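1. Sharing a model prediction with you, sequence too.
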Amino acid sequence: MTAFAEYDQFDGTALAKLVKDGKISATELCEEAIRRAENLNPKLNAIITPMYDYARNAAKHSRPDAPLCGVPFLLKDAHHALKGFAMSSGSELLKAFVPQYDAEIVSRFKKAGLVILGKTNTPEFKLAYVTEPKAFGPTRNPWNLDYSCGGSSGGSAASVAARIVPFASATDEGGSIRVPASYCGLFGLKPSRGRNPVGPNFDEEWNGMSCSHVVTRSVRDSAAILDAVSGLENGSPYGTIAPERPFIEEVKIEPRKLRIGFHTRSAYGREVHPECIKAVEQTCKLLESLGHDVEEAVPDYREEDVALNWTIIMIGNAAALVDKLIQGYGQSKVSRDLELSNYALYCIGRRLKALDFVKAKQRWRQLGIIMDKMLNKYDMMLTPTLGEPPVRVGSQQPSKADKRSMKLLSSSIGKIILSNRKLTYSILEELVQNTMKGQMPFTMIANITGQPAMSVPLYWSENGLPCGVQFIGRYGDEAKLLRLAGQLEKAQSWVDRKPMI
């Protein structure tokens, strides 16, 4: 079978049309994607579970009436369970875990006609903004292999940027769609809370901070998949506003004149990197050239406050997960196999009180009101996705001093230290500072409020690395974000930009 050299000139929507029109078969697409995966993955380490025979069989039995018939696809190896295939969640402990069910969103991916080629790398339990799990090693950025691809949906983003597949599944708890999209020059939409299914086993993962979707090269692909998979699921505690029309139609609609507020203020004790400020400034100029009103608007909250209250809920959920793993695997195996940083999070989390949890949730509500007031004044908010450009592989790993601290917290002495409430909070605040300032995310607020947000690839740094900008919209209003994204893509297209790999 000859190679389909033009494969990467088409987005997923266009590939599906080629299959439906009989110009190429789903099997031919599958073989081309496998060829690229086998060629590029040794350099990237993006795909950790190849499923090529499964994909070939799925391609042979693809249904022409499915909206995305025959399009090659990859699943993030966390949350997105596929019956009969290992789902490690990036952990050595769970390498042998094989789900006996499909996640609801995976069932919908399959019904849409997507051909699943494999599972992609992710940090352990999705608890990092870089994809460098001890269990599988780092995934590298196709734009420069010395740099990270971001996280936690890093393997998915690297695979899409490298043109192995046109899109891949992703999850977002604190930026895990938008951060790797920013790192890899992709479009990354985090839907509103309740828009896409997250069950059956994660109906309220991280108390509603978590959502699922994809990373894509084109805006219309993101919209097409949203049309295919969105909607209520059984038992979900959340729902959202039904769309007025299919999301893919929104991409074609010219947005009316928008009022957009922006800010690039410092965060986590650091100034925003000049390249990320330039990304926002150039985006503002582009928006104004398209007829939109743009003005600086500083929110009435601090990123540090958002991060602290996000972290309390995250650590509580992480501790509950580890406690469940201890029940299943035993204390000694869990403490041995888990990454040290995540075991230390468990030790902190189990010392927090219900009072801490409730207070954090109450602060969430206040933050939601603050954002709601801002978005009554503006159609959307614009920020950097991250406060600095992509970081080098390995640069975010704990230092020797950090490892000593983690070991101490995980010891019997740590139990005594963490029994002191003031010390626990002091450690927690230091943890937030040390973790967040390494990457300076502006993404967590949308996870707390449940609002839709997108990272758009409109800027590349002087050394050729992507720096995305983030737009946060009103709850349930993905349509307006998609309209603007479609306009920006048309005005300053990024789809044909290819990494050196």
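-> Here it is on my side, so go on.
2. who touches stretch 418-433?
-> 268-269, 304, 307-308, 311-312, 315, 347-348, 351-353, 409, 417 (C-beta atoms under 8 Å, 6 or more residues apart in numbering). To be clear about C-beta, it is placed using only N, CA and C from the backbone, and glycine gets the same treatment.
3. mean confidence for that stretch?
-> Summarised as a single mean, pLDDT over stretch 418-433 is 89.
4. Over to stretch 33-52?
-> 98.
5. so who does the most centrally placed residue in the chain touch?
-> The chain has Ile177 as the residue nearest its centroid, 1.9 Å off, counting by C-alpha atoms, centre = their mean. Counting by C-beta under 8 Å, 6+ apart, Ile177 touches 153, 170-171, 188-190, 213-215, 455.
6. Just the residues you listed: which are in strands?
-> 170-171, 188-190, 213-215, 455 (DSSP state E).
7. which residues of this structure score low on pLDDT?
-> Along the chain, segments meeting pLDDT under 70 span 1-2, 203.
8. domain parsing for it?
-> Following automatic domain parsing, one gets these domains for the chain: 5-243, 303-373+397-436.
9. before we move on, back to that, give me the phi and psi for the residue nearest to the centre of the chain.
-> The phi/psi pair for Ile177 (degrees, to the nearest 10) reads phi -90, psi -50.
10. Which of the contacts of Ile177 sits closest to Ala37?
-> Using C-beta to C-beta, Val215 comes nearest to Ala37 of the contacts of Ile177, at 16.2 Å.
11. How about the contacts made by Thr435?
-> Residues near Thr435 by C-beta under 8 Å, 6+ apart: Thr311.
12. Does it lie in a helix or a strand, and which?
-> Under the criterion of DSSP states H and E, Thr435 resides in helix 421-436.
13. burial of Leu82, as a residue count?
-> For Leu82, the neighbour count with other C-beta atoms under 10 Å is 24.
14. I'd like to know how far Thr385 sits from Glu124.
-> Counting by C-beta to C-beta, to the nearest Å, the gap from Thr385 to Glu124 is 23 Å.
15. One more: Ala112?
-> On the measure of C-beta to C-beta, Ala112 and Glu124 end up 29 Å apart.
16. And for Gly368?
-> 30 Å.
17. likewise Glu429?
-> Glu429 is 23 Å from Glu124, where distance means C-beta to C-beta.
18. out of those two, which sits in the more crowded spot?
-> Taking other C-beta under 10 Å, Glu429 and Glu124 do not tie; Glu124 has more neighbours (25 against 14).
19. What segments of the stretch 151-300 of the chain are helices?
-> 154-161, 178-184, 219-229, 247-252, 274-289 (DSSP state H, counting those that start in this stretch).
20. next one: the stretch 301-450 of the chain
-> Here the stretch 301-450 of the chain has its helices, by DSSP H, counting those that start in this stretch, at 303-329, 331-337, 340-349, 354-377, 400-409, 412-418, 421-436, 444-449.
21. quick one, which of those is packed in tightest?
-> helix 444-449 (a mean of 26; mean count of other C-beta atoms under 10 Å).
22. Only C-alpha atoms, please: export that one in CSV.
-> What follows is helix 444-449, C-alpha atoms only, in CSV (Å, rounded to 0.1, in the frame of the first residue of the first chain):
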residue,chain,number,x,y,z
MET,A,444,-7.4,27.2,36.7
ILE,A,445,-10.1,29.9,37.2
ALA,A,446,-12.2,28.4,34.3
ASN,A,447,-12.1,25.0,36.0
ILE,A,448,-13.3,26.4,39.3
THR,A,449,-16.1,28.4,37.6
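23. Is Gly90 located within a helix, as I assumed?
-> No: if the criterion is DSSP: H, G, I helix; E, B strand; the rest coil, then Gly90 is coil and not within a helix.
24. For Asn234, see how far away it is.
-> From Gly90 to Asn234 the distance is 28 Å (C-beta to C-beta).
25. what do you get for Ser410?
-> Taking C-beta to C-beta, one finds Ser410 at 39 Å from Asn234.
26. neighbour-wise, which of these two wins?
-> Just comparing Ser410 and Asn234: by other C-beta under 10 Å the higher neighbour count belongs to Ser410, 19 against 9.
27. which residues does Val160 contact?
-> Val160 touches 166-168, 184, 186, 215-217, counting by C-beta under 8 Å, 6+ apart.
28. ok, residues contacting stretch 282-291?
-> Contacts with stretch 282-291, where a contact means C-beta under 8 Å, 6+ apart, come from 257-258, 260, 262, 294, 382, 456, 458-459, 469, 487-488, 491-492.
29. next one: it to chain centre, how far?
-> 26 Å (C-alpha atoms, centre = their mean, to the nearest Å).
30. So for that stretch, what gets flagged as buried?
-> Under the neighbour-count criterion of 16 or more other C-beta atoms under 10 Å, stretch 282-291 has 283-284, 286-287, 290 buried.
31. right, and the helix or strand after the helix or strand where Ala14 lies?
-> Element membership of Ala14 [criterion: DSSP H and E] is helix 12-20. Sequence order places helix 26-44 as the next helix or strand after helix 12-20, per DSSP H and E.
32. same for that next one, what does it pack against?
-> helix 12-20, strand 47-50, helix 52-60, strand 72-76, strand 115-120, helix 154-161 (3 or more C-beta pairs under 8 Å, 6 or more residues apart in numbering; DSSP states H and E).
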